[in-house]
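[1] mind looking at a prediction? Sequence and model below.
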2 protein chains.
Amino acid sequence: MKAENDDVARVDAADLQAFMHDVLRRCDVDTPSAEAVSRALLTASSMGVDSHGLRLLPHYVNAVRGGRITARPSMRFTQPLPAIGYLDADDGFGHLAGYTAMDHACSMADEVGMGAVAVGHSSHFGAAGCYALAAAERGLIGMTVCNSDPFVRLHDGKAPFHGTNPIAFSAPVEGQPPYLLDMASSSIPWNRVQQYGAIGRALPPDVAADATGKVTCDPAEVASLLPLGGADFGFKGAGLAGMVEVLSSTLTGMQNGFRLLPMGGPDMSTPRGVGHFFLAMRPDAFSDRETYQASMRTYLDDLRSQPALDGTEVMAPGDREWRCQARRDAQGIPLDAANLAAYERLAEELGLTPLAVRRS
Amino acid sequence: MKAENDDVARVDAADLQAFMHDVLRRCDVDTPSAEAVSRALLTASSMGVDSHGLRLLPHYVNAVRGGRITARPSMRFTQPLPAIGYLDADDGFGHLAGYTAMDHACSMADEVGMGAVAVGHSSHFGAAGCYALAAAERGLIGMTVCNSDPFVRLHDGKAPFHGTNPIAFSAPVEGQPPYLLDMASSSIPWNRVQQYGAIGRALPPDVAADATGKVTCDPAEVASLLPLGGADFGFKGAGLAGMVEVLSSTLTGMQNGFRLLPMGGPDMSTPRGVGHFFLAMRPDAFSDRETYQASMRTYLDDLRSQPALDGTEVMAPGDREWRCQARRDAQGIPLDAANLAAYERLAEELGLTPLAVRRS
């Protein structure tokens, strides 16, 4: 939610991706992992999902140098049944695990109509939407969920229990970018609390709680986030987070989110054992391609032509992101002062040519 | 949300189910349909989901007598791929379509690990949780979604667009009732507005809007519900409703919710062409049964032992419902004055022995 006028420089997408790739390669990360991480971070940054874009690179460098993440993993895929796969990610990058798992799920969908892959022994994979999007790019419906370490209290709970456990869902639309939902099961992400705290701004009502579980708008008091639905209807957000948890961790026996080591450290050497879940499905297999495509177009036309509140616009999930991507493809991807400094430090530490940016 | 002290009588589950079955048979409904409808309504009423329980029987009688619902449907199932099925429900009862579709999805899951069935030409199916529960009773993870006629405005929209589009998800737990989430993608259901209006009570903040799309707490002013997440974060609830819509209507070319005839009439003769979607998955196929079961138990133990706000209790989805079911199994299922009168009218109109109730 940071304003783009906080940004001090812009970079072309290709330059950014190449730089991220080089940084990871200098940390002894193998080529498939470096490609997957830079692809996912670039996708998020292009779409405006800045919380899960280029800003995460320094974190991943720490994690792979600390030994938490395996730089050259031997991921092992097994397929016990035609529609069921399991990927052991060997504590490698979650991004490689994610693209690999969704690729297998899509191949199973091509074969039998649908495929699900559960991933174990993985790590943070960035934005869940990247992998749902990968399915849509193959003409398939995609779904991705992932647990995370505890930030969100339960409905009527006092303390953090679930992660912000995202749900991503995509559906392809011919001649248009896909329907793409990528949402946390809390109202706001944790870094929103930190951003608001830094500028002394009050949080919206009903999104966070203090150490006693009581709702607060003061970022300094926040000890947990509320599940989507807030104090009255948070049983819905918590129930969705639980669905994410069941799919992410129980199928492969990974730790549930409450037991996960914190993403932020300080321990950067112990693998976290994150689980993910990926599903792909052929939308044309129930009826036929034309029926599905015509129905999608009608639905989205109906949706986008709905009357909007004054000064607003009604959008389908993804519309805002595709618009941002078009703008950033043309104008470059913005960096704020903190990210610019972090990227300069990375170049210096690793002996790389600094990222070619255009300062504003 | 009605208090149980509004209730004027109680009835045993078996007597209720038999009466509902007899009522439908008198309306020329075939035995499989009558069994499915009475099973689903009894399940909802036993679990305390009163909005989707016995109170719906008079509505279904009107719909089947009016010709909207086919009393003796010829439902046709096809399975184009090993994990994909399509059920044409021939405008019959959604409850029969739901149990039939989930049964096929479960059989596909037994075979290839996962199965999805999309249903077309169906009608209202009651509570989505009934069919997710049917999967859990077979040891499978189940998911059910369904669109409905418009009650909920879009994020930043002015007028009703999506239905309350529910998401139901279940996961089996050995030695315990299943994890069972059954939630609308709005904060409250439409009949809550009516109930609050009837007793002159203000709605909670941020759940409903007036005819201009502005948030209101006055039931008399309400023209639409807000999506889950309210005025600020309703893009999440609207995105979930859209996911439900895509799965329910586009796969089989049914009308999207915005175009559906209203459930409440006045037209009770035209079939509505409702779509549903059912998914079943083997939780033991990714790793093994013991890994899954041990992880589920640990997760639920961790969840249920979380500290709660004073005067409250932390529960997993379904816990409240299983507790209600145990109470109602022992004490009978309550009827309020309106339902008791409606059931007496049905018995009289159809020449049936009145339901044997215990008046309080």
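    All right, it came through fine.
[2] and the most centrally placed residue in chain A, backbone torsions?
    With distances taken as CA atoms, centre = their mean, A:Ala127 lies nearest the centre of chain A, 1.4 Å away. Note on A:Ala127: backbone dihedrals following degrees, to the nearest 10 are phi -90, psi 130.
[3] can you give me the strands in the stretch 251-360 of chain A?
    Assigned by DSSP state E, counting those that start in this stretch, the stretch 251-360 of chain A shows strands spanning A:274-281, A:333-336, A:358-359.
[4] other SSEs contacting the shortest one?
    Meaning strand A:358-359. Where contact means 3 or more CB pairs under 8 Å, 6 or more residues apart in numbering or on different chains; DSSP states H and E, strand A:358-359 is packed against strand A:7-11. C-betas here are computed from N, CA, C, even on glycine.
[5] now for the strand it packs on, which elements pack on it?
    strand A:333-336, helix A:337-350, strand A:358-359.
[6] for the last one, what is the distance to the chain centroid?
    The reference is to strand A:358-359. 27 Å (CA atoms, centre = their mean, to the nearest Å).
[7] ok so, going back, for the helices and strands packed on strand A:7-11, which one ends up most surrounded?
    The highest average neighbour count among these, using mean count of other CB atoms under 10 Å in any protein chain shown, belongs to strand A:333-336 at a mean of 23.
[8] partner strands of it, with direction?
    Next to strand A:333-336 in the sheet, as set by DSSP bridges, lie strand A:7-11 (antiparallel).
[9] so for the partner strand, mean pLDDT?
    Averaged across strand A:7-11, the pLDDT comes to 95.
[10] what comes into contact with it?
    Contacts with strand A:7-11, where a contact means CB atoms under 8 Å, 6 or more residues apart in numbering or on different chains, come from A:19, A:331-337, A:340, A:355-360.
[11] if you set the cut-off to 10 Å instead, what comes out?
    Residues outside strand A:7-11 that contact it (CB atoms under 10 Å, 6 or more residues apart in numbering or on different chains) are A:4, A:16-17, A:19, A:45, A:50, A:54, A:328, A:331-341, A:343, A:355-360.
[12] what's the angle from it to helix A:337-350?
    Using axes from the mean of the first three to the mean of the last three CA atoms, to 10 degrees, the inter-axis angle of strand A:7-11 relative to helix A:337-350 is 50 degrees.
[13] what's the helix or strand following strand A:7-11 packed up against?
    Later in the chain than strand A:7-11, the nearest helix or strand by DSSP states H and E is helix A:13-26. Under the contact criterion of 3 or more CB pairs under 10 Å, 6 or more residues apart in numbering or on different chains; DSSP states H and E, helix A:13-26 touches strand A:7-11, helix A:31-47, helix A:57-66, helix A:319-331, strand A:333-336, helix A:337-350.
[14] can you rerun that using 7 Å?
    If you count contacts as 3 or more CB pairs under 7 Å, 6 or more residues apart in numbering or on different chains; DSSP states H and E, helix A:13-26 packs onto helix A:31-47, helix A:57-66, helix A:337-350.
[15] one step back: state the pLDDT value of the residue nearest to the centre of chain A.
    With respect to pLDDT, A:Ala127 has a value of 98.
[16] cool, and A:Val193?
    For A:Val193, pLDDT reads 95.
[17] quick check: it touching A:Asp218?
    No: using CB atoms under 7 Å, A:Val193 is not in contact with A:Asp218, being 9.9 Å away.
[18] which one's more surrounded, the two?
    More crowded of A:Val193 and A:Asp218, by other CB atoms under 10 Å in any protein chain shown: A:Val193, with 22 against 13.
[19] ok, residues contacting the helix or strand hosting the more buried one?
    Using DSSP H and E, A:Val193 sits in helix A:190-198. Helix A:190-198 is contacted from outside by A:Met1, A:Lys2, A:Ser51, A:Phe151, A:Thr164, A:Leu203, A:Ala208, A:Pro219, A:Ala220, A:Val222, A:Leu225, using CB atoms under 7 Å, 6 or more residues apart in numbering or on different chains.
[20] closest to chain B out of those residues?
    Nearest to chain B among these, counting by CB to the nearest CB, is A:Leu203 at 10.5 Å.
[21] give me the number of residues near the closest one?
    Other residues close to A:Leu203 by other CB under 10 Å number 21.
[22] part of a strand, is it?
    No: looking at A:Leu203 with DSSP: H, G, I helix; E, B strand; the rest coil, it is coil, so not inside a strand.
[23] roughly how far does the residue nearest to it when sequence neighbours are not counted sit from chain B?
    In space, and not counting its chain neighbours, A:Leu203 is closest to A:Cys217: 4.6 Å by CB to CB, 6 or more residues apart in numbering or on different chains. Going from A:Cys217 to chain B by CB to the nearest CB, to the nearest Å gives 12 Å.
[24] now do A:Ala171
    From A:Ala171 to chain B the distance is 5 Å (CB to the nearest CB).
[25] so that residue is in contact with B:Val246, correct?
    Yes: A:Ala171 lies in contact with B:Val246 (CB under 7 Å); the separation is 4.9 Å.
[26] tell me the SS of A:Phe233?
    Per three-state DSSP, A:Phe233 ends up helix.
[27] that one - how many residues pack around it?
    26.
[28] same check on the one 5 residues further on?
    Around A:Ala238 sit 31 other residues, with neighbours defined as other CB under 10 Å.
[29] so who does the residue nearest to the centre of chain A touch?
    By CB under 7 Å, 6+ apart, the contact set of A:Ala127 is A:Ala40, A:Ala44, A:Val49, A:His52, A:Asp182.
[30] number of nearby residues for the second one?
    A total of 23 residues lie near A:Ala44 under the criterion other CB under 10 Å.
[31] list the contacts for A:Ser38?
    A:Gln17, A:Met20, A:His21, A:Leu24.
[32] the first one contacts A:Thr43, correct?
    This points to A:Gln17. No: counting by CB under 7 Å, A:Gln17 stays clear of A:Thr43, with 9.8 Å between them.
[33] neighbour-wise, which of those two wins?
    Neighbour count, other CB under 10 Å: between A:Gln17 and A:Thr43, A:Thr43 has more, with 24 against 21.
[34] so the more buried one makes contact with A:Cys130?
    Yes: between A:Thr43 and A:Cys130 there is a contact at 4.9 Å, judged by CB under 7 Å.
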